[in-house]
Structures are given as C-alpha cells and as structure tokens.
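Asker: I would like the atomic coordinates for the input below:
(one chain, ligands or ions: 2)
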Amino acid sequence: MHEDIKAVLITEEQIKQRVQEMGEQLSKEYEGKRVIIICLLKGAAYFACDLSRAMSIPVRMEFMVASSYGNSTSTSGSVAVRLDVADDIAGMHVLLVDDIIDTGLTFAKVKALLETKKPASVKTIAMCDKEERRKNGMHADYVGFTIPDEFVVGYGLDYAGDYRNLPFIGVLKPVVYART
Ligand code: PRP
Ligand code: MG
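Answerer: Ligands and ions are numbered 1, 2, ... in the order given. Alright, predicted model coming up:
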C-alpha cells in the first residue's frame, strides 16, 4: 500500500476480475456491431485500455477531454469539452467510458454532444459509481463498482493529478488534502 492511502477499497485483483466480466458481457452484447470506445481523458485512460483488451470483438478507440472547472476536490457544475473526437462516429455503436460517475454532469454533457454526431447508439460505462452524489438523475448503463462518497484515488482517479497509476482504488488520507 501507499503511505498516503488510508484503506484499499477495491483491490487490483477485484478490478481485473470485474473488467474481464464487463469485457465478456460487452463482447456478447455488441457482437457483429461496429463499436467505438470513447475514453474520457485523463481519468478513464487505464480503465478504457484494460476494458478494450478484455473484449474479444473488434473495437476502435477514441479520446475526448472533458473537464469540470473548479478546484480538485469538488466540481463547479460546468463541464467544458476541450478535445473532441477526431473520427466520424456516424452509424457506430459508442461506448462512452469513464473512471467514475459522480454528479453525472460529465456523462450528461458528453453524451448529449456525441448524440448530435448521429451514432447508432451511445451507452455509458463507469468503473466507479458514487450514486449518492448524483445531481441530474443521470445513470451509467454499465457500472464496475458502486462506491461510498469517500475521497478515492487510483486506477485513473487522481487527487490534484497524483495517484492515478496506483493499481488499486483506495481512500486517501485526509491529511493529504488538508496540506493544501
Ligand atoms: C473526473 C472524473 C470524471 C468526472 C466525474 O474528471 O474522471 O470524468 O470528473 O465527475 P462528474 O460525474 O461530477 O461530472 P475530471 O474532470 O476531474 O478530469 P480528469 O479525468 O482529467 O481527472
Ligand atoms: Mg475525468
């Protein structure tokens, strides 16, 4: 474990197993369809890559950057798309992938934008779901783990840019964010 982590919430083994299950389920459901994973940078980078490799059907990969303004422990409510998809997604089945759904504002904004590009379908996938924080009734179509409202880092989740590469998801010690 890392010295700044209070407790491990989801182990590396649990993540691997869940990603494999999700990959297999998606491969069955999307068999024969043109699928494109859209990875929301930066948080989803680790999950989207692992999920794509857990799928046994051909999938494309695209990247977007959408960031909520404000400080790093809370969202301001406004989501800005800073990098849009480069490829044409018309007629494709989109899997919009993120590390976490929190207020739901990021998924709502990005999904609405993608739907204007005439894809065959858009579904949302989040590794973690902080259900109790939702502000807009948004739900993810596929969820890895529903988690409590604690400050979690690892497997893509950051605090001020750090801890994303931890292979597990853990709760950050409050002393770490009290420093700033
Ligand atoms: C975080 C996280 C999700 C989003 C979830 O991203 O990675 O994308 O916030 O929050 P929401 O449901 O309240 O919108 P952030 O904008 O901090 O950027 P990052 O992915 O680069 O860390
Ligand atoms: Mg993000």
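Asker: excluding its backbone neighbours, what's nearest Ile57?
Answerer: Computed as C-beta to C-beta, 6 or more residues apart in numbering, the closest residue to Ile57 that is not its neighbour in sequence is Ser27, at 4.9 Å. C-beta coordinates here come from the backbone N, C-alpha and C atoms, glycine included.
Asker: flag every buried residue along the lengthiest helix in the chain.
Answerer: Across the chain, the longest stretch assigned as helix under DSSP state H is helix 12-29. Within helix 12-29, the residues scored as buried using 16 or more other C-beta atoms under 10 Å are Ile15, Arg18, Val19, Met22, Gly23, Leu26.
Asker: so what pLDDT did the residue nearest to Ile57 get?
Answerer: Confidence at Ser27, expressed as pLDDT, is 98.
Asker: what residues does it make contact with?
Answerer: Met55, Ser56, Ile57 (C-beta atoms under 8 Å, 6 or more residues apart in numbering).
Asker: neighbour-wise, which one of the residues you listed leads?
Answerer: Met55 (21 neighbours; other C-beta atoms under 10 Å).
Asker: tell me who's in contact with that residue.
Answerer: Gly23, Leu26, Ser27, Val35.
Asker: where do the strands sit along the chain?
Answerer: For the chain, applying DSSP state E gives strands covering 5-10, 35-41, 59-68, 79-83, 93-101, 121-129, 142-146, 152-153, 169-172.
Asker: dump the longest one to CSV, keeping only the CA atoms.
Answerer: By that I understand strand 59-68. Extracted C-alpha coordinates of strand 59-68, given in CSV (Å, rounded to 0.1, in the frame of the first residue of the first chain):
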residue,chain,number,x,y,z
VAL,A,59,-13.4,-2.2,-31.2
ARG,A,60,-12.0,1.2,-32.1
MET,A,61,-10.7,3.6,-29.6
GLU,A,62,-11.1,7.4,-29.5
PHE,A,63,-10.3,10.0,-26.9
MET,A,64,-12.0,13.1,-25.5
VAL,A,65,-11.1,15.6,-22.8
ALA,A,66,-13.9,17.0,-20.7
SER,A,67,-13.1,18.7,-17.5
SER,A,68,-15.2,20.3,-14.8
